[in-house]
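K.L.:
Could you look at this predicted model? Sequence included:
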Amino acid sequence: MKPIYENIDLHLNSSLKVGTFNYDTVCEQANWHIHPEYELVYIKNGRGILRIANRTISYSNGALLFLGPNIPHWSFGNRDYEDNLEVVIQFNQNFVNQKLLVFPEFKKIIQLIERSKNVLVFDELIKDKLASGFESFTNLNHTEKLIQTLDVLEKLSLSDNYRSILAPIEEYKYKTNEVDRLQTVFNYVNLNFGSALSTEQLASKIGLTPNSFCRFFKKMTNRSFIQFLNEFRIQKASELFIETSLSISEVMYQCGYNDPSYFARQFKKYKIHTPTLFISLKAENRQYLTL
């Protein structure tokens, strides 16, 4: 089965993405997927199966693992216990090159990140030792999440309590022309989502006809480009509503919409609430709205 390409969308004010999922908000990812980001996953408890590349590994009391870029895998979590928690930390190569490599103090972290390309599965001892650190992510702001991630990576870099499940010669690299093309599309949308975008425009960026581009995008992501673009823009709109005091009209225009009624329909489709209700609720339940 060919993996679906997953786009990891960073928050407007973040260098990395941290998702926390409990029994009721289980991580709903595409099942068999890849992405160019590194991924660190903590699962508090319960049983499950890690399906990574051509490996299948069972766990019985939660798990802690670290994957490098472009390694095909399935979603990892479970719903065995109501107190279960899954923390997923994702960051890209730019985060490594532009931030971590600047500091010689992060040498061991860089070595850990390099080893993650062969997938590291940590044992229960280190998982339990770092449990409180991972579980604290549910109550942290963006700055605190960055600091806590560095703390976790530092402690993992000093541990030998892991095993690599892919040998170096088996390193999976799905950096095909198709993935490169899709990354070009995602990067362009990320930089230009507030401007008018069309399938014709994106198709020309990667050397395809509009019809071929639509088929290509659907095959790689299991959704149409228009669906992806609307979902992306609405996510950015929700972040602006939460982080700023901009009006609905200002957010609408900054996110590439010109029709208030269409913007309201799309916002309600992806965020349940209308923009007006979303704004009124943000002060009461900020954490819920950011999920």
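P.N.:
Yep, that arrived.

K.L.:
element containing residue 20, please.
P.N.:
strand 17-21 (DSSP states H and E).

K.L.:
do the same with residue 223
P.N.:
For residue 223, there is no enclosing helix or strand under DSSP H and E.

K.L.:
How about residue 90?
P.N.:
Element membership of residue 90, judged by DSSP H and E, is strand 86-91.

K.L.:
Give the other helices and strands that that strand contacts.
P.N.:
strand 17-21, strand 38-43, helix 142-157 (3 or more CB pairs under 8 Å, 6 or more residues apart in numbering; DSSP states H and E). Every residue, glycine included, has its C-beta placed from N, CA and C.

K.L.:
Contacts for that strand next, please.
P.N.:
8, 15-22, 26-27, 35, 37-44, 76-77, 134-135, 137, 149, 152 (CB atoms under 8 Å, 6 or more residues apart in numbering).

K.L.:
and those, which are buried?
P.N.:
Neighbour-count burial (16 or more other CB atoms under 10 Å) is assigned, among these, to 8, 15-21, 35, 37-44, 76-77, 134, 137, 149, 152.

K.L.:
give the contact list for residue 240.
P.N.:
Taking CB under 8 Å, 6+ apart, we find residue 240 in contact with 12, 246, 251, 254-255.

K.L.:
elements contacting the strand holding residue 20?
P.N.:
Using 3+ CB pairs under 8 Å, 6+ apart: strand 17-21 touches strand 86-91.

K.L.:
in its sheet, what does the strand it packs on sit against?
P.N.:
Strand 86-91 pairs in its sheet with strand 17-21 (antiparallel), strand 38-43 (antiparallel), by DSSP bridges.

K.L.:
hey, C-alpha coordinates of the strand holding residue 90 in CSV?
P.N.:
The C-alpha coordinates for strand 86-91 follow below in CSV (Å, rounded to 0.1, in the frame of the first residue of the first chain):
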residue,chain,number,x,y,z
GLU,A,86,-0.6,10.5,23.7
VAL,A,87,1.9,13.3,23.0
VAL,A,88,3.2,13.8,19.5
ILE,A,89,6.1,16.2,18.9
GLN,A,90,7.0,17.0,15.2
PHE,A,91,9.7,19.3,13.8
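
K.L.:
Helix or strand next in line after it, which one?
P.N.:
According to DSSP H and E, the helix or strand after strand 86-91 is helix 93-95.
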